[in-house]
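Enquirer: Predicted model follows, preceded by the sequence.
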Amino acid sequence: MNVYSAICDMIPFAMAKTTVNNNLLTEGDIRKKIMGFMIPILIGQLFQQMYNTADALIVGNYLNAESLAAVTSTSSLVFLIIGFCMGFSSGAGVIVARHIGSGNEEQTTKAVHTAVLLGMIISLVTTLFGVFFADDLLRLMKTPANIIGQATLYLKIYFAGCTSVVMYNMLVGIVQAGGDSRHPLYYLIASSLVNIALDILFISKFHMGVEGAATATIISQFLSMILVLRQLLTATDATRLIISKLRMDGDNLRRIIRFGFPTAMQSSVIDLSNILIQSYINSFGSDAVAGIGASTRAEGFAFLFVTAFSIAATTFISQNIGAGKYDRAKEGIRFTLITSILLIEAVGVIMYLFAPHIISAFNSSPEVIYYGVGRMRVASLFYCLVGFSHITSAIMRGAGRPNVPMVVMLVCWCAVRITILMTVGKAIHEIWLVYWIYPFTWLISSVVYVYFLKTTRIGPEGRA
């Protein structure tokens with residue numbers, strides 16, 4: 001028995017065969033369908049967040065504050081490049097979901113194979129770009145000299161294996177488009193546990209340093225990619241992947257790009273502004289980098305509700321528009337908005353109250369804790385705003401208006417942040433500017449989204 005077969009046999013659910021019809025979101029109680037689809041995604045996102053947080057926690061506790069700063073300083077850059085790629089997986093998911101909702105198996109099959117081939121091309125380009133330009137990009141961000149060596153090493157290893165990250169997201173987007181959110185959860189649980197075990201093994205036992213953290217992350221991500229690939233190869237419906245059928249279908253490719261490119265740009269402009277903010281943070285030294293980096297890693301757990309509800313909203317709306325059930329799509333929008341905002345704000349209050357304990361779990365240095373708690377206690381009470389913005393973005397994509405969130409985020413979360421840094425930031429070199437720049441721009445985008453939410457009509461064209 002080879003290693004590949006052994007992995008799949010150890011995880012029986014990877015062999016399970018599902019049908020699209022069993023997972024359709026166009027029938028049944030709306031609340032139960034959305035929550036039933038969202039909860040496995042939420043739990044899966046929880047384990048996926050452990051990829052990033054496990055690295056930071058273990059590095060911060062087994063190594064030192066400089067190593068923690070090196071790992072966390074790469075986050076904005078990783079999210080920029082990987083987030084751009086994931087935009088296309090989101091676009092593919094919308095198109096596949098619409099074909100499934102309309103019952104068009106031929107177009108579903110064409111869209112699936114087009115998406116997978118597109119993912120392979122994007123993976124190659126991303127790997128080459130990341131490996132060759134890692135050092136240059138970190139220097140442009142003014143990464144402190146005492147951590148840039150470790151940061152470059154971590155980043156190069158990560159991008160050398162980023163095919164697993166890009167392809168996993170493309171493949172899992174197809175699976176979720178069919179309404180199946182359970183199997184991706186199983187795969188993430190397995191790979192997350194492997195990641196934590198390898199982190200501890202490589203860092204505490206083999207003394208590999210930050211390269212051990214990067215290697216553990218890539219190995220575990222390859223595991224999850226293999227498992228979801230196995231599911232698509234053995235599927236019994238129109239989402240089945242047949243290697244010999246891998247080819248680009250022009251019409252579906254154009255549709256995927258039409259929906260995916262604005263989403264990719266939306267993600268990129270957000271992360272571009274984050275890179276500039278990270279450069280500003282770097283000017284305060286490695287303790288500030290480590291403390292604020294720990295805060296943003298912990299913040300990722302708060303945003304799990306937003307991510308899960310966003311995926312659920314886009315898939316639910318896309319399937320129901322494809323099926324012509326517009327009133328059902330509208331009811332799903334209302335439920336998703338209210339529920340997600342209430343949940344994330346509750347998490348924000350909890351993080352505000354326990355901020356010192358959360359940050360100290362990453363590193364016990366008083367300076368690191370000072371910066372981390374300061375940032376967390378400002379941002380956490382405004383999570384309802386970022387939740388509203390992200391969920392409305394998902395609604396716009398599902399409703400056929402992907403350009404709206406791209407433009408809103410470009411202006412509110414990129415242009416405004418850059419303007420503040422280039423004006424106020426030049427005149428006042430204070431860390432509180434970093435703390436408040438996010439809530440301020442979340443507020444602006446929320447106000448703009450209220451207008452677009454009111455003017456968007458869910459109908460045959462899925463747009464206003």
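Expert: It's in. Residues are numbered from 1 along each chain as shown.
Enquirer: Below-threshold pLDDT in the stretch 201-350 of the chain: ranges please.
Expert: In the predicted model, the stretch 201-350 of the chain carries no residue with pLDDT under 70.
Enquirer: Regarding the nearest residue to residue 388 once chain neighbours are set aside, what is its secondary structure?
Expert: Excluding the flanking residues, the one nearest residue 388 by CB to CB, 6 or more residues apart in numbering is residue 446, at 5.0 Å. C-beta here means a position set from N, CA and C on the backbone, and glycine is covered the same way. Assigned with DSSP: H, G, I helix; E, B strand; the rest coil, residue 446 falls in the helix class.
Enquirer: For residue 446, report the pLDDT, please.
Expert: If you check residue 446, the pLDDT there is 95.
Enquirer: tell me the contacts of it?
Expert: By CB atoms under 8 Å, 6 or more residues apart in numbering, residue 446 lies in contact with 385, 388-389.
Enquirer: Looking at the residues you listed, which are in helices?
Expert: In this view, the contacts of residue 446 that belong to helices under DSSP state H are 385, 388-389.
Enquirer: and these as TSV, adding distance to residue 140, neighbour count and pLDDT?
Expert: Listed next are the ones in helices among the contacts of residue 446 as TSV, based on distance: CB to CB, whole Å; neighbours: other CB atoms under 10 Å; pLDDT from 0 to 100:
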residue	distance to residue 140	neighbour count	pLDDT
385	30	25	95
388	33	24	94
389	28	24	93
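Enquirer: could you redo these as TSV and give each row distance to residue 59?
Expert: Formatted as TSV, the ones in helices among the contacts of residue 446 follow (distance: CB to CB, whole Å):
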residue	distance to residue 59
385	31
388	34
389	31
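Enquirer: Nearest residue to residue 56 in space, ignoring adjacent ones along the chain?
Expert: Nearest to residue 56 is residue 297, by CB to CB, 6+ apart, at 4.9 Å.
Enquirer: is it true that the one you found touches residue 361?
Expert: No. Look at residue 297 against residue 361 with CB atoms under 8 Å: they stay out of range, at 10.2 Å.
Enquirer: In terms of packing, which of the two has more residues around it?
Expert: Neighbour comparison, residue 297 and residue 361: the larger count goes to residue 297, with 25 against 15 (by other CB atoms under 10 Å).
Enquirer: name the element that one belongs to?
Expert: For residue 297, the host element (DSSP states H and E) is helix 286-302.
Enquirer: what residue ranges in the stretch 1-150 of the chain score low on pLDDT?
Expert: Scanning the stretch 1-150 of the chain for pLDDT under 70 picks out 1-23, 51-52.
Enquirer: 50 instead, please
Expert: The model of the stretch 1-150 of the chain has pLDDT under 50 over residues 1-20.
Enquirer: Show me the helices in it, by range?
Expert: Listed in chain order, the helices of the stretch 1-150 of the chain (DSSP state H, counting those that start in this stretch) span 3-10, 30-62, 65-73, 75-102, 105-140, 148-160.
Enquirer: now the stretch 251-400 of the chain
Expert: In the stretch 251-400 of the chain, the segments counted as helices under DSSP H, counting those that start in this stretch are 286-302, 304-322, 326-353, 355-360, 366-379, 383-398.
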